[in-house]
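Enquirer: Any chance you can model this:
(2 chains)
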Amino acid sequence: EDQVTQSPEALRLQEGESSSLNCSYTVSGLRGLFWYRQDPGKGPEFLFTLYSAGEEKEKERLKATLTKKESFLHITAPKPEDSATYLCAVEDTGFQKLVFGTGTRLLVSP
Amino acid sequence: GAVVSQHPSWVICKSGTSVKIECRSLDFQATTMFWYRQFPKQSLMLMATSNEGSKATYEQGVEKDKFLINHASLTLSTLTVTSAHPEDSSFYICSAIPGRGPYEQYFGPGTRLTVT
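Expert: Sure thing, here's the model as predicted:
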């Protein structure tokens, strides 16, 4: 059974304090690993897709990396507007559906 | 691009009534749409997968007679919660995959259902 575990559950940072979020996964075959951002009361917003170990993608202050067992979302010099829940999901090669982790709630204080 | 809308954004209904939620892909054709449910401070749980013109595939534990899904066109899927009860109160979110790559799921803004 595919599983996704995210840590920490919650993270509080000061503005400018860089950190990383972790997503550990277990799948029989990885078709893709996805990162989404979700604001309260809204649907998830797509950030990145990673397909193979060693791949990296960047968008503004965010950088996602992938190994065979986990992915990291690095946040460099975060701003208060980066506060949100960050969700990680995997898609198994055998199924056209996403399995989500429970997310990391990030709060960035000014 | 890849915008998905939902209507309504929130709805309150009485126990025993039915509620329909629409999910539309605004700027692309979606061969596949998904319906999720999310309880407070929990992650998204897939309810069903629908492909245009065919019956939806429901996840284990989801009552297909209670949650009716219709994917009538390449831009519209509907979820009808029949005979709603308070325990059906939740945040319902749809997503869609563009017909031609990439295959990332793009999510709608969600619908908050409250059953009284």
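Enquirer: Is stretch B:89-104 positioned near chain A?
Expert: Yes: counting by C-beta under 8 Å from any C-beta of the partner chain, chain A is contacted by stretch B:89-104 at B:F91, B:I93, B:S95, B:I97, B:P102, B:Y103, B:E104. Bear in mind the C-beta positions are built from the backbone N, C-alpha and C, glycine included.
Enquirer: Show only the entries of the residues you listed found in strands.
Expert: B:F91, B:I93, B:S95, B:I97 (DSSP state E).
Enquirer: quick one, strands of chain B?
Expert: Using DSSP E, strands in chain B cover B:4-7, B:10-13, B:19-25, B:30-38, B:45-51, B:57-58, B:67-73, B:76-81, B:90-98, B:106-107, B:111-115.
Enquirer: who does the fifth one pair up with?
Expert: Yep, that's strand B:45-51 we're talking about. Its sheet considered, strand B:45-51 pairs with strand B:30-38 (antiparallel), strand B:57-58 (antiparallel) by DSSP bridges.
Enquirer: could I get those strands as a markdown table with mean pLDDT and mean neighbour count?
Expert: Formatted as a markdown table, the strands paired with strand B:45-51 follow (pLDDT from 0 to 100; neighbours: other C-beta atoms under 10 Å in any protein chain shown):
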| stretch | mean pLDDT | mean neighbour count |
| --- | --- | --- |
| strand B:30-38 | 92 | 23 |
| strand B:57-58 | 94 | 17 |
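Enquirer: what are the phi and psi values for A:E81?
Expert: phi -70, psi -10 (degrees, to the nearest 10).
Enquirer: Please identify the helix or strand for the closest residue to it other than its chain neighbours.
Expert: Ranked by C-beta to C-beta, 6 or more residues apart in numbering or on different chains and with sequence neighbours excluded, the top spatial neighbour of A:E81 is A:V108, at 7.9 Å. Under the criterion of DSSP states H and E, A:V108 resides in strand A:104-109.
Enquirer: so how far is that strand off the chain centroid?
Expert: 13 Å (C-alpha atoms, centre = their mean, to the nearest Å).
Enquirer: Ok, stretch A:83-95 next?
Expert: That offset, for stretch A:83-95, works out to 7 Å (C-alpha atoms, centre = their mean).
Enquirer: Next: stretch A:103-110.
Expert: Taking mean C-alpha positions (C-alpha atoms, centre = their mean), stretch A:103-110 and its chain are 13 Å apart.
Enquirer: Perfect, I'm done here.
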